[in-house]
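# Quick one: sequence and predicted model below, then my questions.
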Amino acid sequence: MNINFNKNEDFNKLKSTELKRKLLKVYKGGGDKRIEKHKAKGKLTARERINYLFDKNTDTIEIGAFAGEDMYQEHGGCPSGGVVVKIGYIKGKQCIVVANDATVKAGAWFPITGKKNLRAQEIAIENNLPIIYLVDSAGVYLPLQDEIFPDKEHFGRIFRNNAIMSSQGITQIAAVMGSCVAGGAYLPIMSDEALIVDKTGSIFLAGSYLVKAAIGESIDNETLGGASTHCEISGVTDYKASDDYDALDKIKHIVDKIGDFDKAGFNRTKPKPPTENVDDIFGILPISRTDQYDMLEIIKRIVDNSEIDEYKKDYGKTLICGYARIDGWAVGIIANQRKVVKNGKKEMQFGGVIYSDSADKATRFIANCNQKKIPLIFLQDVTGFMVGSKSEHGGIIKDGAKMVNAVSNSVVPKFTIIIGNSYGAGNYAMCGKAYDPRLIVAWPSARLAVMGGEQAAKVLLQIETASLKKKGETISEKKEKEILKSIQNRYDAQTSPYYAAARLWTDAVINPLDTRKWISMGIDAANHAPIKKQFNLGLIQV
């Protein structure tokens, strides 16, 4: 046990408590008063709908809980992006569920709402997962319509994805449980099967007020687009439900009859818990992001039986590569090593830096995992690639490019856990968001940025002081320290895991103890999608 174990443990457990507190606030959606008003209409909340839909006592994971965190404050905020997205099991079948939260601006679509819905559809498409939409939305949030309506990755892409998924045989079921207006009306009807709740659900391209203004017709919303209209006259919807529970029960019955899926065939045996104490993670992980620790000790508390078969153990020591199992699933792990180790007679303080030999090792290991059909797990605590004349002359750019190429072209599913630093090109090589991990999550200890806060602040300080001197202003040492502190505080706020999660650069901030669950459910999802491509590095050979 290291001498700072107890201090580390206290600090990291407080971080996890802070995460829990933030999540409890997010779960409130628009707040108690709006929840009360919503339920007075005889409706369940978005989270209650999802919880009722999923099988009892089974694992679930939530995508994008912190989407929109501290964003859109001038518009009253948008907790969780105004939509709840969870992966879980319905009648034993893994599904992804997307539920509008009508307590947040009546379920209106902010820009981050669109991005989060697209992420949910991306997960469904990548993994051939059935997707359930629980619709209760007032449509696009008009004050921000220019950021949600016209571009490729905006609102319209969702309907395009509906069509693509339908053509690929991915089951889509939609239940209209509240408002469903204008362009948003296409989402449930482009699904394979659509339900509508009597008296509370409605679907129309234009509501009664707009109809009156546009063509002079006087009609109430229920007659215009209620459940009876669409189930008995227009034929737009397939099933009428008496209330929320009835609609959710009908979805369960539909899902229960879906046939089995073609499997990718990833190797799984009976799960075994780690033999090392999992709670020790909190004491092993240091308080400072610059301090050293042994990543192998973290790995032993994530993998089954605390066993890992290291690949090229004594070569390229700044990266740990090895085969293991997580919840029974065979995995290939690539992790940044952070401890001081001996290289011959010389001690090396790695600090999460990737050297040429480490990049070469990782490239070969990735190729092996692709050949063996083994999913890849990236454990990030990386400050980047090694710099300096020795590394440049040794071809670090070439070796780094090979690793990035292998990550990019990998055909087995990849999962990324950001444990500590995630800086610069190291983020890319260790399968950052741009490299299509099936899931990417961060621990509360994570930091995402182009470089560390201290280095970046010093660079930005030089630029700012040079600008002030050009204007003829004299800068005292005290003023310089104030500017540096201000810059570093601003930069540190932007490197927070919550800042990244708010913008969906990651799928979640998670308690380290939930890491096994996220990886296991992620591989279970990926097993729905047989691999149809061959691994090929192109011109850059191993």
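Received the coordinates, thanks.
# Every contact and neighbour count from this point should use C-alpha atoms.
Will do.
# pull the longest helix from this structure.
The residue-count maximum for a helix in the chain (DSSP state H) belongs to helix 5-26.
# Which neighbouring elements make contact with it?
If contacts are counted by 3 or more CA pairs under 8 Å, 6 or more residues apart in numbering; DSSP states H and E, helix 5-26 sits against helix 281-284.
# Next, the contact list for Pro274, please.
Contact analysis of Pro274 by CA atoms under 8 Å, 6 or more residues apart in numbering lists Lys300, Arg301, Ile302, Val303, Asp304, Asn305, Ser306.
# Please disregard the earlier target; I meant Tyr27.
So Tyr27 contacts Arg47 (CA under 8 Å, 6+ apart).
# How about Leu504?
By CA under 8 Å, 6+ apart, the contact set of Leu504 is Gly64, Ala67, Lys115, Lys116.
# now with 10 Å?
With contacts defined as CA atoms under 10 Å, 6 or more residues apart in numbering, Leu504 is in contact with 63-68, 112, 115-116, 119, 433, 440-441, 498.
# With Ala429 instead?
Listed by CA under 10 Å, 6+ apart, the contact set of Ala429 reads 354, 359, 362-363, 378, 380, 382, 384-385, 400-408, 435.
# Then Pro150?
Taking CA under 10 Å, 6+ apart, one finds Gly156, Arg157 in contact with Pro150.
# returning to that earlier point: if you count neighbours, what's buried in the longest helix of the chain?
Neighbour-count burial for helix 5-26 flags Phe5, Asn8, Glu9, Phe11, Asn12, Lys13, Lys15, Ser16, Leu19, Val26 (criterion: 16 or more other CA atoms under 10 Å).
# Run the chain-centre distance for that helix.
With CA atoms, centre = their mean, to the nearest Å as the basis, helix 5-26 stands 20 Å off its chain's centre.
# just stretch 324-338 next, same as before
19 Å.
# okay, now Ala213: neighbour count?
10 (other CA atoms under 10 Å).
# which SSE is it in?
Element membership for Ala213 (DSSP states H and E) is helix 208-215.
# So what touches that helix?
Contacts made with helix 208-215 from outside it, assessed by CA under 10 Å, 6+ apart, are listed as Leu205, Ala206, Gly216, Glu217, Ser218, Ile219, Asp220, Asn221, Glu222, Thr223, Leu224, Gly225.
# Can you tell me which of those residues is closest to Lys414?
Among those, Leu205 lies closest to Lys414 (CA to CA), at 40.6 Å.
# nearest residue to the closest one other than its sequence neighbours?
Distances taken as CA to CA, 6 or more residues apart in numbering place Ala182 nearest to Leu205, at 3.9 Å, with adjacent residues excluded.
# Give the buried residues for the helix holding Ala213.
Ser208, Val211.
# Check the offset of it from the chain's centre.
That offset, for helix 208-215, works out to 41 Å (CA atoms, centre = their mean).
# pull the CA atoms of it into CSV?
Extracted in CSV, the C-alpha atoms of helix 208-215 (Å, rounded to 0.1, in the frame of the first residue of the first chain):
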residue,chain,number,x,y,z
SER,A,208,-55.2,23.9,-34.0
TYR,A,209,-54.1,27.6,-33.6
LEU,A,210,-51.8,27.3,-36.6
VAL,A,211,-54.5,25.6,-38.6
LYS,A,212,-56.9,28.4,-37.8
ALA,A,213,-54.3,31.0,-38.8
ALA,A,214,-53.2,29.2,-42.0
ILE,A,215,-56.5,28.0,-43.5
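# next helix or strand past that helix?
helix 221-225.
# Please state the mean pLDDT value computed over that following helix.
Mean pLDDT, helix 221-225: 87.
# who's in contact with the helix or strand following it?
The C-terminal neighbour of helix 221-225 among helices and strands, as given by DSSP H and E, is helix 227-228. Contacts to helix 227-228, defined as CA under 10 Å, 6+ apart, come from residues 176, 195-203, 222, 233-237, 239-242.
# One more: stretch 285-295?
Residues contacting stretch 285-295 (CA under 10 Å, 6+ apart): 2, 4-5, 7-12, 284, 297-298, 319-320, 335-341, 349-352, 379-381, 383, 419-421, 445-447, 452.
# now, which of those lie within helices?
Those of the contacts of stretch 285-295 lying in helices (DSSP H): Phe5, Lys7, Asn8, Glu9, Asp10, Phe11, Asn12, Ile284, Glu297, Ile298.
# Please tell me the pLDDT value assigned to the closest residue to the fourth one other than its chain neighbours.
It stands for Glu9. Take Glu9 and drop its neighbours on the chain: the residue closest to it by CA to CA, 6+ apart is Gly283, 4.0 Å away. The pLDDT attached to Gly283 in the predicted structure is 97.
# and Gly283, what is it in contact with?
Applying CA under 10 Å, 6+ apart, we find Gly283 in contact with 1-13.
# and what of Ala456?
Residues near Ala456 by CA under 10 Å, 6+ apart: Ala449, Val450, Ile487, Gln488, Tyr491, Asp492.
# Of those, which qualify as buried by neighbour count?
Neighbour counting over the contacts of Ala456 (16+ other CA under 10 Å) leaves Ala449, Ile487, Gln488, Tyr491, Asp492 as the buried ones.
# Backbone dihedrals for the last one, both of them.
To tie it back to what came earlier, the one meant is Asp492. Backbone torsions for Asp492, taken as degrees, to the nearest 10, come to phi -60, psi -40.
# what about the stretch 201-350 of the chain, any weak spots by pLDDT?
Applying pLDDT under 70 to the stretch 201-350 of the chain flags residues 340-350.
# what about the residue lying closest to Ala185 once chain neighbours are set aside, which SS state?
The shortest distance from Ala185 to any non-neighbouring residue, by CA to CA, 6+ apart, is to Ile203 (6.0 Å). Secondary structure, DSSP: H, G, I helix; E, B strand; the rest coil: Ile203 is strand.
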